[in-house]
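> dropping a prediction and its sequence here:
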Amino acid sequence: MPFDFLRLRLNLGRLSSPSRAPFVSLQFKLMTGFALVSGGVFLGLYGWFYTNTVQRSMEGLQGDMVNTLEGAIAGVDTAEFLTLSQLPAPQDEPVPTRNSFYQKHQQWLIRIHQIEPRANPYTLVRGTQPYEALWIGDSLRVLQPQNATSFRESYLATPDKTRLYQGFSETTLTLLPYTDPWGSWISAYGPIKNAQGQVIGVLGVDFRADEVHKVEQEIRSTLAIAFGSTYVLLLLLVALLARFFTRPIIELTQVTEQISQGEYDRALTQFHHAQLQDEISQLANSFERMVVQVQQREADLESANSTLEEQVRQRTQELQDNNSHLENTLRELKTTQSQLIQTEKMSSLGQLVAGLAHEINNPLSFIQSNLLHAREYMQHLLEMLHLYQSHLPELPDARQKSEELGLEFIQDDLPKLLGSMQVGTRRISEIVRSLRVFARLDESEIKSVDLHEGLDSALLLLNRRLRGTPNRADIRVIRDYGNLPLVECYAGQMNQVFMNLLSNAIDALEVMREQPDEHHSSLLDKVRGSGDWVNWADDPSEKPSKTPFGNLSSNLSGEASDEIPTIWIKTRLLANDQVSICVVDNGIGMTMDIQQRIFNPFFTTKPVGQGTGLGLAICHQIITERHGGTLRCTSYPIEGAEFCLEIPLRLASPQTQETQI
């Protein structure tokens, strides 16, 4: 029972609450529906009437054209036309005006136009070429001299342009308007036959295409006025009917709205006195009975409401617990995603580096092996040259040629040239070896390796960023390597850590390399004004604890006083079978707030497009989760930063690592 009351109250709440959808009256809906339906019906009827009327009009026009054509052909004197068609074209004028047959023929064509003003008749005979027709008579020579043709003027009536040539065989109509040099027309053609039934020419009748358009326009205008006026009258009638039917509904809606606001004593008396009862009166009576039931159950609903509030509180607590669990899951997914992205990137980079090293190594081995033989052959040739010079008398031509070639210089420079080539190949060989060490694709994932070799490989690959330019100073690298044994680790991932730590150190020194004095003073003022500055000389108790190799200020003092961009790399073997590797720079440093978030995924202080915020997060994950070690950052503004990692000499078992994770 309480749940029945609850459902009833919720339904009443939906009735009383204003709808978020826009209000559209029932009268408007009726008008719109009728307008759309009747409009579609009227458009269909209009199209049907228009099509049939136009068709009947076109049939009448077609009959007029055929009657005109047949009458015109019947009035042609075939004997005179045959004689006229055989006359040659006059030399000094476009038409034979002095020929009586021609004058009589033209008068007949003009007579046809006078009987049917829409028609422009003309006659032609066959020419000697395919689809060639020769003009004989033309009413336009009188009606429109500027557009008239000449007597026996040639006209190519190809099927792709006109159906005129078909008129030599049978009566032909062209009811689709077409355009030629004389205008836009619809045409009818028929053969002219002599007494023996032989075709001696063709007579054509052109009607202006404007006639077709005129007929269509008149039909459209008449039908549009008739259908439009009828449609408007129907809309007015429907509007009156809709208003009559919707007025009781509007009154009922107003009363129910007042009742929904708590005025339960509002009566629907106007519906009780109606002479005729309808569905709206029945709806009003039912609504009154529902209001009485609502008043009777109000107390029970209050009780159900208190029960519902308690259930809501319980459900809210469950949702909060689930939300906390989802947040933890989301953080784990982000961490896994960043690891997968970085792993895929390093895998692709490793494959590229290994393939490049392999492709370079083959031609490099060929060059190195042949340089030894080339040096030996060159030495033999030089010895033979000296022997010839000492035993053969001086030849003027040979002496002149040797001076032109600079033979003495070549003998002196050629050994140096080969020596430079050997130095270059050794350099390339070192780079290839560093690439293979960095990739580690030809080795197992877990392997005992020399970490110094990985550090040197990373430095060699970053050598381009360490070198200076006319606008930037060199970055000095100081190696302080301890005596480290082979360390069991994920070699490829450790190389990735070294590359990220060294790249971050170089990034911290970039601004200092370009404008060291100006940047140092401006950054110092900025940090002092931010509240993150601590004067260690005034308050020594605030000095942070020391790193495994002393505090950062002692590492940088003395060597960093000249403000030369410097990176220190220190490795040590600790007493607890741990290995420590520290990367220190004298760059811009960072505040305590940044240090607390430096290992968070997607956190970066670099400009947009220059950093992803995954590098140090991946390093921290590789060191802590994969190797069971630690990675710490110590930094002071202006003084620089120090990243120290510690990993064991031997990796723990997979079960132990999973327990730690």
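Structure's in. What do you need?
> which SSE is the closest residue in space to Thr605 that isn't next to it in sequence in?
Once flanking residues are discounted, Thr605 sits nearest to Ile594: 6.3 Å by CB to CB, 6 or more residues apart in numbering. C-betas here are computed from N, CA, C, even on glycine. If you go by DSSP states H and E, Ile594 is part of helix 592-597.
> buried stuff in that helix?
Residues Ile594, Gln595 are the ones in helix 592-597 that count as buried (16 or more other CB atoms under 10 Å).
> same question, stretch 399-416
Those would be Ser402, for stretch 399-416 by 16+ other CB under 10 Å.
> the stretch 401-550 of the chain: strands as residue ranges?
446-449, 476-480, 487-490 (DSSP state E, counting those that start in this stretch).
> and the helix ranked longest in the chain, what does it pack against?
Ranked by residue count and defined by DSSP state H, the top helix of the chain is helix 298-391. Secondary-structure packing of helix 298-391 (3 or more CB pairs under 8 Å, 6 or more residues apart in numbering; DSSP states H and E): helix 2-16, helix 407-439, helix 491-514, helix 615-621.
> least reliable of those helices going by mean pLDDT?
Note on those: helix 2-16 shows the lowest mean pLDDT, a mean of 44.
> returning to that earlier point: so which of the strands of the stretch 401-550 of the chain comes closest to Gly406?
Comparing the strands of the stretch 401-550 of the chain against Gly406 with CB to CB, the closest turns out to be strand 476-480 (41.9 Å).
> kindly export that closest one (C-alpha atoms) in PDB.
Output in PDB follows, covering the C-alpha atoms of strand 476-480 (Å, rounded to 0.1, in the frame of the first residue of the first chain):
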ATOM      1  CA  ARG A 476      79.000  20.100 -20.100                       C
ATOM      2  CA  VAL A 477      78.500  16.500 -18.900                       C
ATOM      3  CA  ILE A 478      80.500  15.300 -15.900                       C
ATOM      4  CA  ARG A 479      80.600  11.500 -15.400                       C
ATOM      5  CA  ASP A 480      81.300  10.400 -11.800                       C
END
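> outside of it, which residues touch it?
Residues from elsewhere that reach strand 476-480, judged by CB atoms under 8 Å, 6 or more residues apart in numbering: Leu455, Leu459, Leu466, Glu559, Ile564, Pro565, Thr566, Ile567, Trp568, Ile569, Lys570, Thr571.
> so Ile647, which of the three states?
strand (DSSP: H, G, I helix; E, B strand; the rest coil).
> what's the closest non-adjacent residue to it?
Closest residue to Ile647 apart from its sequence neighbours, by CB to CB, 6+ apart: Gly629 at 3.6 Å.
> now do the contacts for that neighbour.
Counted by CB under 8 Å, 6+ apart, Gly629 has contacts Gln578, Ile623, Leu645, Glu646, Ile647, Pro648.
> still on that earlier bit, so the residue nearest to Thr605 makes contact with Thr604?
No. Counting by CB atoms under 8 Å, Ile594 sits too far from Thr604 to count as a contact (10.2 Å).
> mean pLDDT lowest for which of the strands of the stretch 401-550 of the chain?
strand 446-449 - the lowest mean pLDDT of the strands of the stretch 401-550 of the chain, at a mean of 86.
> give the next helix or strand downstream of the host helix or strand of Thr174.
Using DSSP H and E, Thr174 maps to strand 172-180. Next helix or strand after strand 172-180 toward the C-terminus (DSSP H and E): strand 183-193.
> could you say what helices and strands that following strand packs with?
Using 3+ CB pairs under 8 Å, 6+ apart, strand 183-193 is in contact with helix 26-74, helix 78-85, strand 172-180, strand 199-208, helix 209-260.
> buried residues of that strand, list them for me.
Trp185, Ile186, Ser187, Ala188, Tyr189, Gly190, Pro191, Ile192.
> pLDDT and distance to Pro415 for the residues you listed - can I get that in TSV?
Below are the buried residues of strand 183-193 laid out as TSV (pLDDT from 0 to 100; distance: CB to CB, whole Å):
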residue	pLDDT	distance to Pro415
Trp185	81	98
Ile186	85	100
Ser187	87	100
Ala188	90	105
Tyr189	90	102
Gly190	90	107
Pro191	92	106
Ile192	91	109
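> between those, which sits nearest Arg472?
For the buried residues of strand 183-193, the nearest to Arg472 is Trp185 (83.4 Å; CB to CB).
> dig out what the closest one forms beta bridges with.
Taking DSSP bridges as the rule, Trp185 bridges to Tyr178, Arg208.
> so who does it touch?
Thr174, Pro177, Tyr178, Thr179, Asp206, Phe207, Arg208, Ala209.
> OK, contacts around the closest residue to the first one other than its chain neighbours?
The spatial neighbour of Thr174 that comes closest, neighbours along the chain excluded (CB to CB, 6+ apart), is Ser187 at 4.6 Å. Ser187 makes contacts with Thr162, Arg163, Leu164, Leu173, Thr174, Tyr178, Gly204, Val205, Asp206, Phe207, as judged by CB under 8 Å, 6+ apart.
> lovely, talk soon.
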